[in-house]
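Q: Quick one, what's the 3D model for this:
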Amino acid sequence: MWQSERMPHRPHSVHVQQPTTATAHTTPEVEALVPTWLSLPQIAQMMQVPITKVRQLVADREVVALRRGQNSALYVPADFFVEGQPMSSLASVLTVLADGGFDDLDSVKWLFTPEQSLQATPVQALAANRGTSVRRLAQSSAW
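A: Below you'll find the model as predicted:
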């Protein structure tokens with residue numbers, strides 16, 4: 001087949017999801033709300049997984065990470081983990097908040113701000129297996 005007779009090359013349309021990287025830095029207000037932070041290497045050690053698995057948790061929004069410190073390293077609130085694993089209902093709450101326009105910083109702030117209707121912070125309510133109540137509140141807060 002001659003060059004001029006070849007069919008034009010049509011690349012396959014493949015959507016590759018780019019990993020989400022946290023770019024938000026903590027604020028003094030958020031630092032005051034979150035009692036304990038874990039670096040990604042600390043989480044990898046706690047979960048006994050490679051750090052790439054922890055980065056994938058952040059990219060998949062199972063947890064959110066914020067930049068903090070002089071090196072602007074990524075840190076995750078320690079309260080996002082129960083028995084060394086991410087809280088099972090956290091990802092759905094993060095999705096609801098993101099769909100409502102909350103960025104990572106706003107989401108962390110919301111999760112750690114006491115809520116009268118829950119008589120706790122949303123993250124405390126999640127740890128107490130009250131995910132449905134927290135999701136309902138997130139929906140009303142985000143819209």
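Q: Does Lys53 touch Met47 like I think?
A: Yes - assessed by C-beta atoms under 8 Å, Lys53 is found in contact with Met47 at 7.2 Å. To be clear about C-beta, it is placed using only N, CA and C from the backbone, and glycine gets the same treatment.
Q: Looking at these two, which is more packed in?
A: Met47 (16 against 12; other C-beta atoms under 10 Å).
Q: Look up phi and psi at Met87.
A: phi -60, psi 130 (degrees, to the nearest 10).
Q: State the pLDDT value of Ser133.
A: Ser133 carries a pLDDT score of 96 in this model.
Q: contact partners of the helix or strand where it lies?
A: Secondary-structure assignment from DSSP states H and E places Ser133 in helix 131-142. The set of residues external to helix 131-142 that reach it, using C-beta atoms under 8 Å, 6 or more residues apart in numbering, is 88-89, 92-93, 96-97, 99-102, 110, 115, 117-118, 122, 125-126.
Q: How far away from the center of its chain is the helix or strand encompassing Pro41?
A: Counting by DSSP H and E, the element that carries Pro41 is helix 40-47. Centroid separation for helix 40-47 versus its chain: 16 Å, with C-alpha atoms, centre = their mean, to the nearest Å.
Q: mind listing what's buried in it?
A: For helix 40-47, burial by neighbour count (16 or more other C-beta atoms under 10 Å) applies to Leu40, Ile43, Ala44, Met47.
Q: All set, thanks.
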